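Trainee: Quick one, what's the 3D model for this:
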Amino acid sequence: MTTSAVSGLTVTLTAEGIALGAAKNYTLTINQATIDTTSDDSSRWGEYIVGRREWTIDIDCLYIYTDVAQKIFEEHITAEDPAEIDIVLTMPDGRTYTGVCIVTSITYTSNFEDVITASVSLQGTDALATTTS
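Mentor: Predicted structure coming up:
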């Protein structure tokens, strides 16, 4: 069996159509919940049906104070009425994940002998659409 690893160098993310710069990693998590339907008729095995799905994206990047996408994230989390953001995550093979999300956290980390970094967490608010090229 032949497999080929794929470099993450060409993964990109846009927020409101603006590309995020200086990203170090992205984590897209898609969860599928289950609903327990086990009863005394279940032959001692658990039985489940499909429940709701949800998705999140976690981003680690260098803090760049002029990066417009980073500013969009901060403006949305500090606004009096936080708004949803349109996100597109593009994979190296051209596959895209598109959805609407809410910024749930931003963490800035500074270290005496290192660069400042930012970690951003996004929670999807609706379906995550997938397209292939």
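Trainee: Name the residues that touch stretch 90-103?
Mentor: Contact partners of stretch 90-103, identified using CB atoms under 8 Å, 6 or more residues apart in numbering, comprise 6-14, 28, 55, 57, 73, 76-77, 82, 84-89, 120-133. Any C-beta I mention is one placed from the backbone N, CA and C, and that applies to glycine too.
Trainee: for stretch 55-66, same thing?
Mentor: Residues lying outside stretch 55-66 but in contact with it, judged by CB under 8 Å, 6+ apart, are 13, 20-31, 67, 70, 87, 89, 99, 101, 108, 115-124, 128.
Trainee: and it, which residues are buried?
Mentor: Of the residues in stretch 55-66, those buried under the neighbour-count criterion (16 or more other CB atoms under 10 Å) are W55, T56, I57, I59, D60, C61, I64.
Trainee: would you turn those residues into TSV with pLDDT and distance to G94?
Mentor: Formatted as TSV, the buried residues of stretch 55-66 follow (pLDDT from 0 to 100; distance: CB to CB, whole Å):
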residue	pLDDT	distance to G94
W55	97	20
T56	97	23
I57	96	18
I59	97	20
D60	97	24
C61	97	22
I64	96	26
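Trainee: returning to what we had before: restricted to strands, list the contacts of stretch 90-103.
Mentor: Of the positions in the contacts of stretch 90-103, 12-14, 28, 55, 57, 85-89, 120-124, 129-131 sit in strands, assigned by DSSP state E.
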